[in-house]
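sharing a sequence plus its predicted fold:
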Amino acid sequence: MPTNETPAQTECRAMHRAYCEGSGMPLPWNMQREYAWMQLHQAGYRADDVSDLLKHLLKGIARQERNRGALKFSNFTALDRFEEDLMLFRSRVKAPAPSRIPSMPSGPAVDYRKVGQKHEPVTAEEVRAAATLLKSRAAVMTEKGFED
């Protein structure tokens, strides 16, 4: 670290170091990277934000919710993406835990739209027909490009 570095430059180096360590990509320090980090620094972000976002993205990649390309330097340091991803992470961290949904009573299946009406049990043939219908709908949706 040069002795004539400004505090902002020192923090940008710390951000770069956090990125390299957290992402596992030891990219060399150069003027283009310093500029990218300086833009984030001027927007108010610091090395802790870089570490937090990297942890969030790595968890998403492990769960196959995020693409590994999110870790590319050019994607990671794009100001809009960085801000949005960090906001998403922080909103999840601060979000209250979902309330526990009470379990349904055990026993025969109940169609609540028909409460008070005579209820006939579902046959195995009806279950197979419903499963076939769901599979064909899933195949059509997959074919058209819709996925979970």
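Perfect, I can see it now. Residues are numbered from 1 along each chain as shown.

for the chain, longest helix please?
Using DSSP state H to define each element, the chain has its longest helix at helix 124-143.

spatially central residue in this protein, please.
residue 60 (4.7 Å; C-alpha atoms, centre = their mean).

now do the helices in this protein.
Under DSSP H, the chain gives helices at 7-23, 31-42, 47-62, 73-76, 79-94, 124-143.

output these as CSV; include the columns mean pLDDT.
Shown next, in CSV, are the helices of the chain (pLDDT from 0 to 100):
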stretch, mean pLDDT
helix 7-23, 96
helix 31-42, 96
helix 47-62, 95
helix 73-76, 96
helix 79-94, 90
helix 124-143, 72
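
so residue 49 touches residue 86, yeah?
Yes - contact criterion C-beta atoms under 8 Å: residue 49 and residue 86 qualify, at 6.0 Å. C-beta: built from backbone N, CA, C; applies to glycine.

residue 138 and residue 132: what is the separation?
Using C-beta to C-beta, to the nearest Å, residue 138 is found at 11 Å from residue 132.

which one of the two has more residues nearby?
residue 138 (13 against 10; other C-beta atoms under 10 Å).

residue 55 versus the more buried one, what's the distance?
34 Å.

now do residue 66
Going from residue 66 to residue 55 by C-beta to C-beta gives 12 Å.

these two - which one has more neighbours?
More crowded of residue 66 and residue 55, by other C-beta under 10 Å: residue 66, with 16 against 12.

per-residue confidence at the more buried one?
On pLDDT, residue 66 comes in at 92.

return the residues in contact with it.
Taking C-beta atoms under 8 Å, 6 or more residues apart in numbering, we find residue 66 in contact with 57, 60.
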